[in-house]
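Asker: Provide a 3D model corresponding to the input given below.
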Amino acid sequence: MSDTISRPRIPVSVLVQTKNEEAGIGQCLQALASFGEVVVVDSNSTDRTAAIAQEHGARVVNFTWNRRYPKKKQWQLENVNVANNWVLMLDADERPSPELIDEIRTRLSEWDATAVAVDIPLTYVFSGRHLVHGHRVVKRALLRPEHVRFPEVDDLEAPGIGEVEGHYQPTVTGTIAQATRSIIHDDVDPVRTWFDRHNRYSDWEAYLRTNPASHSSVSRLRSRQGQIFDRIPFKPIAFFVYSYFIKQGWRDGQAGFDYAFALSFYYWQIRLKTREILRQRRAANQ
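Answerer: The predicted model follows:
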């Protein structure tokens, strides 16, 4: 019997959010055998996502968005009954590294006594390569649901995001701990889907920047570093210099360049779409 199966399961419930993720959901679920419970929260998938989840022993809960708040992440925290005090929230293209699983197993009792949420670094796989250098982010993914909330921001009319909360961390009442090991973000879909998603995300970001109330509500949820970075001029160029040169993304070879350039292009899209919206408004008011 494998060590993973013979050792006691970690008393954490994993919530995996999905929508038509049959290509990658199996890889995600295979990595979760050490946890006490796995729940797939599915948004009416039309492929085999739900069936694959059940084949891997996961419980499947369906979510249908009513175009209001709460959106999907907060809805899970409020409506999915879980067996454990801690939940690990993942997307279908994410999985905990073996090292992170060991860290959670080792440190959970410590966190249980001192924290209500844990920020976990993300390691991206891009163009088939694990990126070790370059721009890195953390995800507030290990949570005590009663102490955490995804805020309601003024974006229900915004294009590009829809049923899932945008790019901001949940707010926390209590202490936030830091994990040292990472969640692996490994999207198995073709690279064109990365550009498809970020084209939608840039629609959302441009909407925020042209609607002060929306932008202000989301900006407050970002870190101080994120707020400063959001305001710097020539952001696409600045980001590329930061990620590729200062953070040594070049050490990841071609994939490191491609990732830094792709994200720079994403920030350029946001600025371009923002200018277009403002120009159209000025023209309409003349």
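
Asker: From residue 96, how far off is the closest residue to residue 256 other than its chain neighbours?
Answerer: With sequence-adjacent residues excluded and distances taken as C-beta to C-beta, 6 or more residues apart in numbering, residue 256 is closest to residue 249, at 4.0 Å. For every residue, glycine as well, the C-beta is placed using N, CA and C. Residue 249 sits 24 Å away from residue 96 when distances are taken as C-beta to C-beta, to the nearest Å.

Asker: all strands for this protein, in order.
Answerer: 10-18, 35-42, 59-62, 86-91, 94-96, 117-126, 129-130, 138-143, 148-149, 171-172, 176-178, 183-186 (DSSP state E).

Asker: low pLDDT regions in the stretch 101-250 of the chain?
Answerer: 223 (pLDDT under 70).

Asker: isn't residue 130 right next to residue 122, touching?
Answerer: No: here residue 130 lies out of contact with residue 122, judged by C-beta atoms under 8 Å, at a distance of 11.3 Å.

Asker: Between the two, which contacts overlap?
Answerer: residue 184 (C-beta atoms under 8 Å, 6 or more residues apart in numbering).

Asker: Buried residues, the helix ranked longest in the chain. List them.
Answerer: If you go by DSSP state H, the chain has its longest helix at helix 253-285. Buried residues in helix 253-285, defined by neighbour count with 16 or more other C-beta atoms under 10 Å: 255-261, 263-264, 266-271, 273-274.

Asker: Which residues outside stretch 176-184 are in contact with it?
Answerer: 90, 94-97, 99-100, 102-104, 107, 111, 114-123, 125, 130, 138-142.

Asker: Show me how to select, in PyMOL, the buried members of these.
Answerer: Paste this into PyMOL to select the buried members of the contacts of stretch 176-184, with burial taken from 16+ other C-beta under 10 Å:
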select buried, resi 90+94+95+96+97+100+103+104+107+111+115+116+117+118+119+120+121+123+125+138+139+140+141+142
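
Asker: Could you report the neighbour count for residue 25?
Answerer: 28 (other C-beta atoms under 10 Å).

Asker: Quick check, it in contact with residue 54.
Answerer: No: the criterion here is C-beta under 8 Å, and residue 25 misses it with residue 54 at 10.8 Å.

Asker: In contact with residue 167, which residues?
Answerer: 201, 205.

Asker: do you know how far it is from residue 87?
Answerer: Counting by C-beta to C-beta, the gap from residue 167 to residue 87 is 20 Å.

Asker: Hmm, residue 22 is touching residue 48, no?
Answerer: Yes: under the criterion of C-beta under 8 Å, residue 22 makes contact with residue 48 at 4.5 Å.

Asker: so what sits against both of these two?
Answerer: Common neighbours of residue 22 and residue 48 (C-beta under 8 Å, 6+ apart) do not exist.

Asker: ok, back up a step: what is the rounded mean pLDDT of the longest helix of the chain?
Answerer: Averaged over helix 253-285, pLDDT sits at 96.

Asker: now that helix, how far from the centre of its chain.
Answerer: Put simply, helix 253-285 sits 20 Å off its chain's centre (C-alpha atoms, centre = their mean, to the nearest Å).

Asker: how big is the angle separating it from strand 117-126?
Answerer: 110 degrees (axes from the mean of the first three to the mean of the last three C-alpha atoms, to 10 degrees).

Asker: Who are the packing partners of helix 253-285?
Answerer: In this structure, helix 253-285 packs against strand 117-126, strand 129-130, helix 191-209, helix 235-240, with contacts taken as 3 or more C-beta pairs under 8 Å, 6 or more residues apart in numbering; DSSP states H and E.

Asker: Since that was my last question, I'll sign off now.
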